[in-house]
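Visitor: sequence first, predicted model second:
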Amino acid sequence: MKQKYLGDDVFEQIKDFDHHWLTKEEKLLIDKLILNKKLKERYKNHGLCWECKQPNTDDKWCNPCNAKHFQQNFKNWTSDNDDIDKFIQDTQLSANNYNKVLEWIPYGRFYDIKYIAKGGFGKVYKTNWIDGKIWHWDNKIQKWYRPYPDSKVALKSLNNSKNVRLEFINEITSHYKLNDSGGSIIRLYEITQDPDTKNYMMILDYAKGGSLRNYLDKSYNELNWEAKIHNLWRIAYGLNEIHKIGLIHRDLHVGNILHNGETSAFITDMGLCKPADYNALENTTKSVYGVLPYIAPEILRGQNYTKASDIYSFGIIMYETISGLPPYHDISHDKNLALKICQGLRPTFNIKVPQLIVHLIKSCLDANPLNRPSALEVRGILSQWDGDILRYSKKTEIEKQIKEADEINNKLQTNVTSTNLSYETHLEAIYTKTQQIDISQLKINDNDQNNVSKIKENFRK
Ligand SMILES: [Zn+2]
């Protein structure tokens with residue numbers, strides 16, 4: 001008869017083995033006792049659950065036992081919204097590791113709530129969470145093991161989310177799907193509700209470096225090429241994770257990419273992140289949400305969002321990370337700028353930038369979405385450069401070009417901080433406010449598209 005589960009006698013014989021470091025004799029015994037391939041695989045990878053005496057389903061995680069613990073607690077909490085309750089309960093019942101668990105946390109479990117920023121659709125706060133994230137079930141004390149009490153987290157509210165539950169659920173769904181994305185997307189932990197405003201709030205990883213823009217303002221002059229490319233690679237990695245599961249971010253800009261202040265950037269703000277086929281359902285309002293310099297020209301013309309329009313936004317983020325300057329920082333961000341972007345205007349560098357990098361940015365910013373690379377291709381190129389620079393072989397093309405650029409820039413003595421002093425207040429207005437552009441006012445005719453080729457080269461050769 002096929003072995004469906006381990007008998008108590010088997011458990012007793014193997015319970016003291018270290019599944020990671022089995023001796024020869026132990027291995028032989030396991031082969032003899034566990035005949036079912038799947039059970040054996042699970043045992044070898046994740047060890048035993050001492051509660052049900054079966055192999056774990058993930059490291060320190062037994063899905064059936066943990067689902068039972070969560071289920072027993074369902075009666076003790078509610079978000080006062082059936083859809084949100086159901087969403088959280090489903091994650092708890094299906095979770096195969098702690099990354100996939102969401103919880104409902106009463107607002108009272110947070111202290112020192114401090115406002116940090118206003119996003120496109122809500123506010124962001126930093127706070128301390130008394131309990132901290134669940135890691136695994138502790139069978140001895142019959143409680144969840146939470147190794148980091150009083151941990152710093154970010155709270156993100158959605159404006160009027162008490163009325164727009166659908167949007168809120170959309171955002172938490174997108175975030176949740178990406179909780180396994182190799183740390184390139186800010187992780188969603190929990191959901192809570194502000195008792196005064198009744199707004200629902202998401203509890204996310206706290207990034208101490210703030211937004212990528214904050215980080216560039218503070219640290220740009222200390223960033224070498226290696227750090228810039230590494231950050232861009234992380235962002236491209238996250239974007240590819242989003243595209244891989246069929247979503248489009250739709251609102252990618254430096255304000256909603258966060259930085260941990262050390263080596264890594266993360267994508268966040270999934271408010272507009274929607275399935276690639278969402279356009280079909282969208283009503284045809286002639287308005288665009290987003291931050292103007294990052295919006296692809298075809299979107300300004302009223303076309304639908306695509307993965308390629310995310311790549312355009314990424315191209316602008318590349319420009320910004322490499323130059324340190326916000327795009328079009330010296331001109332006003334009005335409908336004239338929108339028109340010029342449609343006619344082919346792109347940001348320009350005031351430093352020498354390796355031709356390979358210029359080429360990648362230009363292809364991301366190509367007026368024709370079909371000519372732009374995919375997120376996977378961009379990730380691949382940046383990953384290659386990241387590796388090349390780290391090896392210090394000085395033989396690769398990117399290294400040669402970087403060396404050459406550094407020599408020229410040192411002679412130019414271009415100091416970015418001397419040119420960007422005035423945009424601080426300007427920036428507030430651009431990056432924290434979601435602009436709504438009335439496309440009908442742009443009156444772009446089809447000839448503009450033909451003019452693109454005539455527009456002079458914007459990047460320094
Ligand atoms: Zn179990």
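Guide: Nice, thanks for sending it over. Numbering: from 1, shown residues only.

Visitor: contacts and neighbour counts: CA atoms only from here.
Guide: Noted.

Visitor: now the strands for the stretch 1-150 of the chain?
Guide: 103-104, 110-118, 123-129, 136-138, 143-145 (DSSP state E, counting those that start in this stretch).

Visitor: redo the ones you listed as JSON lines? Include distance to the ion.
Guide: Converted to JSON lines, these look like this (distance: least, CA to the ion, whole Å):
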{"stretch": "strand 103-104", "distance to the ion": "20"}
{"stretch": "strand 110-118", "distance to the ion": "31"}
{"stretch": "strand 123-129", "distance to the ion": "28"}
{"stretch": "strand 136-138", "distance to the ion": "10"}
{"stretch": "strand 143-145", "distance to the ion": "14"}
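
Visitor: near the ion, which residues of the stretch 51-200 of the chain?
Guide: 51, 52, 62, 65 (CA under 5 Å from the ion).

Visitor: my read is that the third one contacts residue 56, right?
Guide: Yes - with contact defined as CA atoms under 8 Å, residue 62 reaches residue 56; the gap is 4.6 Å.

Visitor: turn the strands of the stretch 1-150 of the chain into TSV, including mean pLDDT.
Guide: Formatted as TSV, the strands of the stretch 1-150 of the chain follow (pLDDT from 0 to 100):
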stretch	mean pLDDT
strand 103-104	94
strand 110-118	85
strand 123-129	88
strand 136-138	94
strand 143-145	95
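
Visitor: quick one, which of the ones you listed is nearest to residue 322?
Guide: Of all those, strand 110-118 sits nearest to residue 322, with 24.3 Å by CA to CA.

Visitor: that closest one packs against which elements?
Guide: strand 123-129 (3 or more CA pairs under 8 Å, 6 or more residues apart in numbering; DSSP states H and E).

Visitor: may I have the strand it packs on as PDB, with CA atoms only?
Guide: The C-alpha coordinates for strand 123-129 follow below in PDB (Å, rounded to 0.1, in the frame of the first residue of the first chain):
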ATOM      1  CA  LYS A 123       0.100  59.100   3.200                       C
ATOM      2  CA  VAL A 124       3.100  57.100   4.500                       C
ATOM      3  CA  TYR A 125       4.100  57.000   8.200                       C
ATOM      4  CA  LYS A 126       6.800  55.300  10.100                       C
ATOM      5  CA  THR A 127       6.100  53.500  13.300                       C
ATOM      6  CA  ASN A 128       7.000  50.800  15.700                       C
ATOM      7  CA  TRP A 129       5.200  47.500  15.800                       C
END
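
Visitor: contact partners of it?
Guide: 109-118, 149-159, 206 (CA atoms under 8 Å, 6 or more residues apart in numbering).

Visitor: if you set the cut-off to 7 Å instead, what comes out?
Guide: The contact list for strand 123-129 (CA atoms under 7 Å, 6 or more residues apart in numbering) reads 109-118, 149-158.

Visitor: closest one of the residues of the stretch 51-200 of the chain next to the ion to residue 10?
Guide: residue 52 (12.6 Å).

Visitor: list residues touching both of residue 62 and residue 56?
Guide: By CA under 7 Å, 6+ apart, the residues touching both residue 62 and residue 56 are residue 49.

Visitor: coming back round to it: just the buried members of the residues of the stretch 51-200 of the chain next to the ion?
Guide: Listed as buried from these are 62, 65; burial here means 16 or more other CA atoms under 10 Å.

Visitor: if we only consider the residues of the stretch 51-200 of the chain next to the ion, which is nearest to residue 30?
Guide: Looking across those and measuring by CA to CA, the closest to residue 30 is residue 52, at 18.3 Å.

Visitor: and for the closest one, nearest residue in space, chain neighbours not counted?
Guide: residue 65 (7.1 Å; CA to CA, 6 or more residues apart in numbering).

Visitor: shaky segments in the stretch 51-200 of the chain?
Guide: For the stretch 51-200 of the chain, applying pLDDT under 70 flags the ranges 118-122, 159-167, 181-183.

Visitor: before we move on, the earlier item: quick one: buried ones out of the contacts of strand 123-129?
Guide: By 16+ other CA under 10 Å, the contacts of strand 123-129 give 110, 117, 118, 150, 151, 152, 153, 154, 155, 156, 157, 158 as buried.

Visitor: what's the burial count for the closest residue to residue 259 other than its chain neighbours?
Guide: Distance criterion CA to CA, 6+ apart; nearest residue to residue 259, sequence neighbours excluded, is residue 265 at 4.4 Å. A total of 29 residues lie near residue 265 under the criterion other CA atoms under 10 Å.

Visitor: for the lengthiest helix in the chain, name the packing helices and strands.
Guide: The residue-count maximum for a helix in the chain (DSSP state H) belongs to helix 225-244. Using 3 or more CA pairs under 7 Å, 6 or more residues apart in numbering; DSSP states H and E, the elements in contact with helix 225-244 are strand 265-267, helix 307-323, helix 375-391.

Visitor: quick check: mean pLDDT of the last one?
Guide: Right, the one you point to is helix 375-391. Averaging pLDDT along helix 375-391 yields 90.

Visitor: the shortest one now?
Guide: What strand 265-267 shows for mean pLDDT is 76.

Visitor: how far is that strand from where the chain is centred?
Guide: Distance of strand 265-267 from the chain centroid (CA atoms, centre = their mean, to the nearest Å) equals 5 Å.
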